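1. here is my input, please return the structure:
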Amino acid sequence: MRKIYKYTYILATAATLVFQSCGKEYFDELSVNPNQVNEPTLPALLATATSKAGLRTFDAGGVINPYVQYTANPVAGGANDIYETIDFTGTWDQLYFAMADINEMKKLATGQSSEYLGVANLLLAYHLSIVNNFWGAAPWSQAFDRTNFTPKYDTDQEVYAATVKLVDDAIAELSKTNATLKLVGTSDLIHGGDRVKWLKTAHAIKARLLIKASKTPTYNAAAVLTALSNSYTSNADDAGMATFLLRNNWAQVARNNSLLTLGGWLSEQFIDHLNSTTYGIFDPRLPKITDPAISPTNVNYPRWIGTVNGAGNRNNPPHNNTVKDENYISISSQWTNDTAPILLVTFAELKFIEAEAAFATDRPRAYAAYLAGIRANMDKLLVLAPDRDMYLASPIVAVGASSLTLALIFKEKYVSTYLNPEAWNDARRHNYGYKDFGMPLNAVLPTFIRRLDYPIGERSKNGTNVPAPSVRTARLWWDL
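-> Numbering: from 1, shown residues only. Below you'll find the predicted structure:
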């Protein structure tokens with residue numbers, strides 16, 4: 001008999017998770033089944049936690065992709081393209097469900113295993129940071145009190161501070177080398193039970209959290225560089241989840257889109273960023289990310305053409321990628337094929353963080369990190385070495401340390417974080433300052449979107465504590 005150990009949480013409010021050990025009926029069944037147990041084990045909870053970390057990264061990426069113009073709706077006036085209010089109750093709930101499972105893992109690991117406790121703290125920080133990045137203030141200090149159906153909202157900055165503390169706690173636990181109960185590799189769907197890799201990932205997430213404060217008075221570039229010095233040293237360290245019921249979720253988007261009018265069409269902004277339109281240089285990562293567009297009637301049809309956010313497909317109708325007249329997420333890409341991992345954080349991203357953090361004080365180091373980030377991302381995408389080296393040698397890219405700019409760092413990082421929710425944090429920190437990055441057509445807001453509306457489900461169940469509505473152009477505390 002297949003054994004599944006699962007803790008289920010019912011959202012009595014969308015933020016308060018009332019723990020139920022799968023209900024009385026479930027335990028009645030277990031009580032007469034000698035082949036099952038009525039308590040989850042740490043390995044079972046680890047499998048659930050690491051799986052959900054990947055899946056929730058996919059969910060969050062789907063939320064932000066139109067905002068950073070990685071993707072666009074093939075139909076004009078798509079709500080996510082033009083900044084209309086969207087109810088993300090499902091996303092909110094799934095993030096808190098994931099944290100509820102991880103919180104149980106943390107409680108069970110406390111006093112038993114520093115390795116499981118360290119991973120639990122880190123994954124709590126990871127999910128909580130997504131909530132914080134999307135909405136700002138959120139329930140945390142009272143979120144998992146089973147007796148409290150209306151938890152208070154901790155402020156934007158309090159939630160951020162909580163994520164940093166969780167990461168510091170994770171680093172402290174994962175630095176211990178004498179754990180008697182070690183991670184089970186087959187249950188760890190991200191790092192295969194490798195404590196050292198988890199410790200590196202904890203430092204990587206800390207660097208990401210600290211660089212997010214780059215526009216605030218509390219920003220400390222030296223602390224970012226310290227975290228980076230203890231993090232990844234190559235692409236082999238990347239944190240990704242590649243265990244799926246069927247296939248990578250982005251590959252499923254691509255497969256669905258190849259037959260029907262669904263999501264996954266790539267934005268004109270992103271395609272032009274790569275196809276030489278914007279920067280005057282063709283990026284060899286483009287054919288490693290998407291397949292060429294084709295036209296059944298025009299052999300000279302542009303191979304690389306994106307969908308304009310808010311405008312929809314240029315050749316409408318049919319809005320159907322059986323025609324493949326515009327570029328879209330591809331199952332042939334190392335990022336989005338059937339077995340590709342959903343990446344949480346990568347070595348390439350960290351090199352761009354290093355470049356930014358070192359920019360003001362050590363320009364040669366910043367420049368070396370900038371080039372290393374490009375190289376790492378291209379290697380990850382299996383760009384051929386001659387194509388990679390030609391790009392890196394171009395005077396448009398190889399500008400020299402003295403001519404390096406933050407805009408160039410953000411330009412290249414934008415490619416490396418393709419489909420990752422962290423890209424929205426960068427876009428906001430960079431004030432959407434990518435070259436030729438424009439507002440979507442027929443946007444309902446006067447300026448770029450900066451935050452999400454609180455979900456309807458949360459407002460209906462915990463309305464007394466949900467902060468007063470803020471316009472979607474209102475900036476979070478770090479987005480000055």
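
2. contacting residues for residue 301?
-> Under the criterion of C-beta atoms under 8 Å, 6 or more residues apart in numbering, the neighbours of residue 301 are 293, 294, 295, 325. (Glycine included, C-beta is placed from N, CA and C.)

3. residue contacts, the first one?
-> Meaning residue 293. By C-beta under 8 Å, 6+ apart, residue 293 lies in contact with 301, 302, 303, 304, 305, 324, 325, 326, 327.

4. closest to residue 442 out of these?
-> residue 326 (18.8 Å; C-beta to C-beta).

5. low-confidence ranges in the stretch 51-200 of the chain?
-> In the prediction, the stretch 51-200 of the chain carries no residues with pLDDT under 70.

6. include pLDDT and distance to residue 132 when you put the contacts of residue 293 into TSV, please.
-> Conversion of the contacts of residue 293 to TSV gives the following (pLDDT from 0 to 100; distance: C-beta to C-beta, whole Å):
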residue	pLDDT	distance to residue 132
301	77	44
302	79	40
303	91	40
304	94	36
305	92	36
324	74	39
325	80	39
326	86	34
327	91	33
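
7. ok, back up a step: what subset of the contacts of residue 301 is buried?
-> Neighbour counting over those (16 or more other C-beta atoms under 10 Å) leaves 293, 325 as the buried ones.

8. picking that back up, let's see if you can find the most crowded of the contacts of residue 293.
-> The most crowded member of the contacts of residue 293, judged by other C-beta atoms under 10 Å, is residue 327 (28 neighbours).

9. surely that one is in contact with residue 302?
-> No. With contacts counted by C-beta atoms under 8 Å, residue 327 stays clear of residue 302, the gap being 9.6 Å.

10. so for the nearest residue to residue 276 once chain neighbours are set aside, what's the pLDDT?
-> In space, residue 276 comes closest to residue 282 once its chain neighbours are excluded; the distance is 4.4 Å by C-beta to C-beta, 6 or more residues apart in numbering. With respect to pLDDT, residue 282 has a value of 98.

11. related to what we said a few turns ago, now secondary structure too, for the contacts of residue 293, in JSON lines please.
-> Written out in JSON lines, the entries for the contacts of residue 293 read as follows (DSSP: H, G, I helix; E, B strand; the rest coil):
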{"residue": "301", "secondary structure": "coil"}
{"residue": "302", "secondary structure": "coil"}
{"residue": "303", "secondary structure": "coil"}
{"residue": "304", "secondary structure": "coil"}
{"residue": "305", "secondary structure": "coil"}
{"residue": "324", "secondary structure": "coil"}
{"residue": "325", "secondary structure": "coil"}
{"residue": "326", "secondary structure": "coil"}
{"residue": "327", "secondary structure": "coil"}
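
12. list the buried residues of stretch 330-339.
-> Within stretch 330-339, the residues that qualify as buried by neighbour count (16+ other C-beta under 10 Å) are 330, 331, 333, 334, 335, 336.
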